[in-house]
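**Student:** Got a predicted structure plus its sequence, pasted below:
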2 protein chains.
Amino acid sequence: MQAKKRLSEAVMRRLPRYLRYFTELKENGITKISSSELGEKMGMTASQIRQDFSYFGGFGQQGYGYSVEVLYDSMKRILLKEQGFTVIIIGAGNLGTALAKYNNFHKRGFDIIGIFDINPKLIGKTINGTEIMSIDRLEDFIAQHETDIAILSLPRSETKAIAARVANAGVKGLFNFSPMDLKLPHEIPIENVHLSDSLMVLGYKIKNFQEEK
Amino acid sequence: MQAKKRLSEAVMRRLPRYLRYFTELKENGITKISSSELGEKMGMTASQIRQDFSYFGGFGQQGYGYSVEVLYDSMKRILLKEQGFTVIIIGAGNLGTALAKYNNFHKRGFDIIGIFDINPKLIGKTINGTEIMSIDRLEDFIAQHETDIAILSLPRSETKAIAARVANAGVKGLFNFSPMDLKLPHEIPIENVHLSDSLMVLGYKIKNFQEEK
DNA sequence: TAGATTGTTAATCGATTAACAATC
DNA sequence: TAGATTGTTAATCGATTAACAATC
């Protein structure tokens, strides 16, 4: 076991997928697995799996394989925070509302503690027990409730300004749904979900898949 | 100008981002740009941009740079279909409804021609002018309306079976929102949007970003 | 102990960057 | 024509795969 170089982006993006598979194995009562069995299941090489795990010092035992329990616990510890992450949603439109009601976030340890909108008609209503507040109360709320993540489900035109406000107020990371590359002066981690981009990639693949036949 | 080897996945995934920037340049009335200026704007090297474009034979003129008009038209032609893509949404829950109302898909040439659900209370209602139909009519509808893409915004437990049904019925690609890796017997292009995975990546980045300071 | 499978080092493959000749 | 900037070839970098010694 040894400390290795900084985890690469490629490996990091595979971690949630590992966690999904470990959860499934656990639920199915499987207690041990080898890198080659896991590779078969996940559609990747055994070598890559062992290489990935070695970034964390390795989770297995030579000659035996991996304990699913150890895999699951280790990956959870690596990816999640003990107390969970606190999340606010800014923009209670269709998408914001859908995300507020999306149960998988909560299951994974992401707790929605506040929702904000500019529309007076929405303010005061609740979604899944969380109140929609005026965007004016944003800084105030963040000052009073430690907030890890702000989900930005806003019109493109509003996104940059609101992103700067929450970053200044002390939010630690942004989950952005606007079709733009968000860059901030005050540097914090940002994850962009570009739905139209993904759909266009699919469209391109379809066009090419057809042509190949 | 020459036909080159098959476009790599990495380059392909950058194409929608190029299109976004070309659209913006056009809207701002900029008519020409060099690879170094574009690289600066997009946060990538001029070399990578020229290399990427060369997969399509190159869009520029030596000594001059690139015509924004040419860039925009070329990328649109590469990514989109003349008549647009036809899309159905399966699952009219919170997420499905939000996607049906999401204007950016339509702007990019993806037209929602049908919505399906199993819930009798929803059937017959319309979202943005599109009727919600019973899932029983799925095969029937696809047979009558050429359907490029099915968006799957369904419970995890339903996803696999419905995916197989639409693939069999002749849909050409799947846009899957369930937190699972969809594999089908009948091989067609699939794009997965794993929102929880992305959020976990953000969580991991936040944890590490904090530690580094 | 013998067999199995890891963790790690080495080899390969692919993607990005640098350099430069071609040419507008 | 001279200057600029492309398209492309070569060099570098990083990620994946293969091989194998360590060891349970």
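**Tutor:** Arrived safely, thanks for sending.

**Student:** In this structure A:Glu139 contacts A:Ala169, no?
**Tutor:** Yes - with contact defined as C-beta atoms under 8 Å, A:Glu139 reaches A:Ala169; the gap is 4.7 Å. For the C-beta atoms, the positions are set from N, CA and C on the backbone; glycine is no exception.

**Student:** Name the residue of chain A that lies nearest to DNA strand C.
**Tutor:** Nearest residue of chain A to DNA strand C (C-beta to the nearest atom of the strand) works out as A:Gly58 at 2.5 Å.

**Student:** from memory A:Gln48 sits against A:Gly39, does it?
**Tutor:** Yes - in terms of C-beta under 8 Å, A:Gln48 counts as a neighbour of A:Gly39; the distance is 7.4 Å.

**Student:** Go ahead and list the helix or strand containing the residue of chain A closest to DNA strand C.
**Tutor:** If you go by DSSP states H and E, A:Gly58 is not part of any helix or strand.

**Student:** A:Ile162 too?
**Tutor:** Using DSSP H and E, A:Ile162 sits in helix A:156-169.

**Student:** Counting neighbours, which bits of that helix end up buried?
**Tutor:** A:Thr159, A:Lys160, A:Ile162, A:Ala163, A:Arg165, A:Val166, A:Ala167 (16 or more other C-beta atoms under 10 Å in any protein chain shown).

**Student:** With distance to DNA strand C and pLDDT as added columns, please give the residues you listed in CSV.
**Tutor:** Formatted as CSV, the buried residues of helix A:156-169 follow (distance: C-beta to the nearest atom of the strand, whole Å; pLDDT from 0 to 100):
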residue, distance to DNA strand C, pLDDT
A:Thr159, 26, 97
A:Lys160, 25, 96
A:Ile162, 31, 97
A:Ala163, 25, 97
A:Arg165, 32, 97
A:Val166, 30, 97
A:Ala167, 26, 96
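
**Student:** among these, which are within reach of DNA strand D?
**Tutor:** For DNA strand D, no contacts are drawn from those by C-beta under 7 Å from any atom of the strand.

**Student:** What is the nearest of the residues you listed to B:Phe105?
**Tutor:** B:Phe105 lies nearest to A:Thr159 out of these, by C-beta to C-beta, at 18.2 Å.

**Student:** Which of the helices or strands spans the residue nearest to A:Asn168 when sequence neighbours are not counted?
**Tutor:** Once flanking residues are discounted, A:Asn168 sits nearest to A:His186: 6.2 Å by C-beta to C-beta, 6 or more residues apart in numbering or on different chains. Using DSSP H and E, A:His186 sits in no helix or strand.

**Student:** Pull the number of nearby residues for A:Arg137.
**Tutor:** Number of residues near A:Arg137 (other C-beta atoms under 10 Å in any protein chain shown) recorded here: 13.

**Student:** same thing with A:Thr126?
**Tutor:** By other C-beta under 10 Å, the residues close to A:Thr126 number 10.

**Student:** Show me what it is bridged to.
**Tutor:** As for beta bridges, A:Thr126 partners with A:Glu131 under DSSP bridges.

**Student:** Can you show me the helices along chain A?
**Tutor:** A:9-27, A:35-42, A:46-54, A:68-79, A:94-101, A:103-107, A:138-144, A:156-169, A:195-212 (DSSP state H).

**Student:** what's the angle from the fifth one to helix A:195-212?
**Tutor:** For the pair helix A:94-101 and helix A:195-212, the angle between their directions (axes from the mean of the first three to the mean of the last three C-alpha atoms, to 10 degrees) equals 100 degrees.

**Student:** again with the first one
**Tutor:** With the same axes, to 10 degrees as the basis, helix A:9-27 and helix A:195-212 are set at 90 degrees to each other.

**Student:** what about helix A:9-27, near DNA strand C?
**Tutor:** No - contact of helix A:9-27 with DNA strand C (C-beta under 7 Å from any atom of the strand) is absent, the minimum separation being 9.9 Å.

**Student:** What residues does chain A have near DNA strand D?
**Tutor:** A:8-11, A:44-45, A:47-48, A:50-51, A:61-64.

**Student:** The residues you listed: which two are farthest apart?
**Tutor:** Using C-beta to C-beta, the pair of the residues of chain A next to DNA strand D lying farthest apart is A:Glu9 and A:Gly63, separated by 32.6 Å.

**Student:** Comparing the two, which residue is more hemmed in?
**Tutor:** More crowded of A:Glu9 and A:Gly63, by other C-beta under 10 Å: A:Glu9, with 9 against 5.

**Student:** so how far is A:Ile89 from that one?
**Tutor:** To A:Ile89, A:Glu9 is 26 Å away according to C-beta to C-beta, to the nearest Å.

**Student:** number of nearby residues for the spatially closest residue to A:Asn94 that is not a sequence neighbour?
**Tutor:** Once flanking residues are discounted, A:Asn94 sits nearest to B:Ala98: 3.9 Å by C-beta to C-beta, 6+ apart. By other C-beta under 10 Å, the residues close to B:Ala98 number 22.
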